[in-house]
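Undergrad: what follows is a predicted structure for the sequence shown.
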Amino acid sequence: MTDLPFDIVSPEAIREGRATDAYFERTESTLRAADKNPHVAAEVTADQFPDGEFELLAGIKDAAALLSGHDLDVDAIPPGRLFDGGPVLRIEGPYLEFARLETSLLGLLSHASGIATAALEARRAAPDSSVLSFGARHVHPSIAAVVERSALLGGVDGFSHVAAGDVIGREASGTMPHALIICFGNGHQEDAWQAFDESVPEDVPRIALCDTFSDEKDEVIRAAEALGDRLDGVRIDTTGSRRGDFRHIIREVRWELDARGREDVDIFLSGGLGPQQLRELRDIADGFGVGSYISNAEPVDFALDIVAIDNEPVSKRGKLSGIKAAYRTADGEHHIGLRGTEAPPDSEALLEPLIRNGSVIDSFDYSLETAIERAARDASLVDF
């Protein structure tokens, strides 16, 4: 059946507010029937007070796309800033303008921020190594661009998903899978490496996968001999069930390459790696592919709560009433206070105007390039 549809909620359904929880539709119907549509301030928060556990904000571009065109004013922390408690986004306007958008808004921010935070953890674990995002295969393909954009925002050097690259305007990276080697057959690894070298564009690095049929050291030596000076690097992706002492294996590989005068050949590692493994291996490897640790990161547990009605403070139990501001001090601390009260000394306000009267503010910079710079700067400032 060639026209069998994918289970994908369309962008139109998201923009129209159909991608919502049923109780928001019922809330909307009830308020309209009661002729009630109060002017509210609502804030997106993960934690009420700072606790020293910073997370990286992402998803603001998509939030702006969702909320624009509605009779609202929105302030937000720019993407790429680290936050610790308090609001990351605030909406002010008639409640019915955004009630049914809450589900999608929280999903856009929660998922992207969780991925970006995990990517930043990987980046900080191996600051001098090449780190690539290899995890798009672990998520639904419809969100691959979200994964890769968020991973880049967190500081990784590249990603593997081709269509995601089309969406975000970046070129995907990657060389060869085990399937390529297997197609040539056991004992014919050299044929696979040489065929790859002869067929791919010159600007693609010649990185040979060297752990398919035999010992990693054996295949690395054979790849170096087969490709000679054209070999840029080797990748070791040995499955965990066969890995043993991974650090010792990589040290052996490095030794054998150096013994043959191939200090120029880089070693890249992949397969079930996270920050702990990157810290343990960063002194003997040149780069890493990080998959599920980034792509399958736990979403940030954001909630959206009304904190004022007609400028009067209000909240449900367990939440802080009143419209709030968030600040970063010069020493990297995160502070929360009521809007309009005195800011902490030597601090900057983190929330900036994003939307006014339904239109996105031109000066709000949510570009990926700027967000990447913010993330690196903030990570150093707060010692993430």
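TA: Nice, I can see it.
Undergrad: helices of the chain, residue ranges please.
TA: For the chain, helices defined by DSSP state H occupy the ranges 11-16, 22-33, 60-67, 102-125, 144-153, 162-168, 178-184, 189-199, 216-227, 246-259, 275-281, 292-295, 368-382.
Undergrad: for the fourth one, which positions count as buried?
TA: Read it as helix 102-125. Along helix 102-125, these residues count as buried under the neighbour rule (16 or more other C-beta atoms under 10 Å): 102-125. Heads up, the C-betas are built off the backbone N, CA and C, glycines and all.
Undergrad: pLDDT averaged over it, what's the number?
TA: Averaged over helix 102-125, pLDDT sits at 98.
Undergrad: got the helices of the chain as a markdown table, with distance to R90 columns?
TA: Listed next are these as a markdown table, based on distance: least, C-beta to C-beta, whole Å:
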| stretch | distance to R90 |
| --- | --- |
| helix 11-16 | 21 |
| helix 22-33 | 19 |
| helix 60-67 | 11 |
| helix 102-125 | 12 |
| helix 144-153 | 21 |
| helix 162-168 | 27 |
| helix 178-184 | 49 |
| helix 189-199 | 52 |
| helix 216-227 | 53 |
| helix 246-259 | 47 |
| helix 275-281 | 32 |
| helix 292-295 | 29 |
| helix 368-382 | 19 |
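Undergrad: nearest to E312, of these?
TA: helix 22-33 (18.2 Å; C-beta to C-beta).
Undergrad: and the closest one, what's buried?
TA: Neighbour-count burial for helix 22-33, with 16+ other C-beta under 10 Å as criterion, is recorded at 24, 27-28.
Undergrad: just give me the closest of the residues you listed to D346.
TA: Closest to D346, out of all of these and judged by C-beta to C-beta, is F24, at 41.6 Å.
Undergrad: roughly how far apart are the nearest residue to the closest one once chain neighbours are set aside and L57?
TA: Closest residue in space to F24, ignoring its immediate chain neighbours: R100 at 4.7 Å, by C-beta to C-beta, 6 or more residues apart in numbering. For R100, the distance to L57 (C-beta to C-beta, to the nearest Å) stands at 24 Å.
Undergrad: between those two, tell me which one has more neighbours.
TA: Neighbours were counted for R100 and for L57 using other C-beta atoms under 10 Å; L57 has more, 31 against 18.
Undergrad: roughly how far apart are the residue lying closest to E25 once chain neighbours are set aside and I249?
TA: Closest residue in space to E25, ignoring its immediate chain neighbours: R100 at 6.4 Å, by C-beta to C-beta, 6+ apart. Using C-beta to C-beta, R100 is found at 54 Å from I249.
Undergrad: how is this protein partitioned into domains?
TA: Taking automatic domain parsing as the reference, the chain has its domains at 11-115+298-382, 174-295.
Undergrad: and the nearest residue to A308 once chain neighbours are set aside, what pLDDT?
TA: Once flanking residues are discounted, A308 sits nearest to A41: 4.1 Å by C-beta to C-beta, 6+ apart. A41 is assigned a pLDDT of 98 by the prediction.
Undergrad: so A41 sits against L304, correct?
TA: No - the pair A41 / L304 is not scored as a contact, 11.1 Å apart, by C-beta atoms under 8 Å.
Undergrad: for the two, indicate the residue with more neighbours.
TA: More crowded of A41 and L304, by other C-beta under 10 Å: A41, with 25 against 21.
Undergrad: quick check: bridge partners of that one?
TA: Beta-bridge pairing for A41 (DSSP bridges): E92, A308.
Undergrad: neighbours around the nearest residue to I91 once chain neighbours are set aside, how many?
TA: Once flanking residues are discounted, I91 sits nearest to A42: 4.9 Å by C-beta to C-beta, 6+ apart. Residues near A42, counting by other C-beta under 10 Å, number 22.
Undergrad: can you tell me which residues contact A42?
TA: Contacts for A42 (C-beta atoms under 8 Å, 6 or more residues apart in numbering) come out as 90-92, 95, 98, 304-307.
Undergrad: any chance of these in a markdown table, plus pLDDT?
TA: A markdown table is the format used below for those (pLDDT from 0 to 100):
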| residue | pLDDT |
| --- | --- |
| R90 | 98 |
| I91 | 98 |
| E92 | 98 |
| Y95 | 98 |
| F98 | 98 |
| L304 | 98 |
| D305 | 98 |
| I306 | 98 |
| V307 | 98 |
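Undergrad: now the buried members of those residues.
TA: 90-92, 95, 98, 304-307.
Undergrad: just to revisit the earlier point, between A41 and L304, what contacts are shared?
TA: Residues touching both A41 and L304 (C-beta under 8 Å, 6+ apart): I91.
Undergrad: contacting residues around D21?
TA: Here D21 is in contact with 102-103 (criterion: C-beta under 8 Å, 6+ apart).
Undergrad: so what's it scoring on pLDDT?
TA: pLDDT, D21: 97.
Undergrad: show me the contacts for the residue nearest to A308.
TA: A41 is in contact with 90-92, 306-308, 311, 323, counting by C-beta under 8 Å, 6+ apart.
Undergrad: got the phi and psi for G318?
TA: phi 90, psi 0 (degrees, to the nearest 10).
Undergrad: quick one: it and Q48, what's the gap?
TA: 8 Å.
Undergrad: and the two? Which one has more around it.
TA: For G318 against Q48, the residue with the higher neighbour count under other C-beta under 10 Å is Q48, and the figures read 16 against 7.
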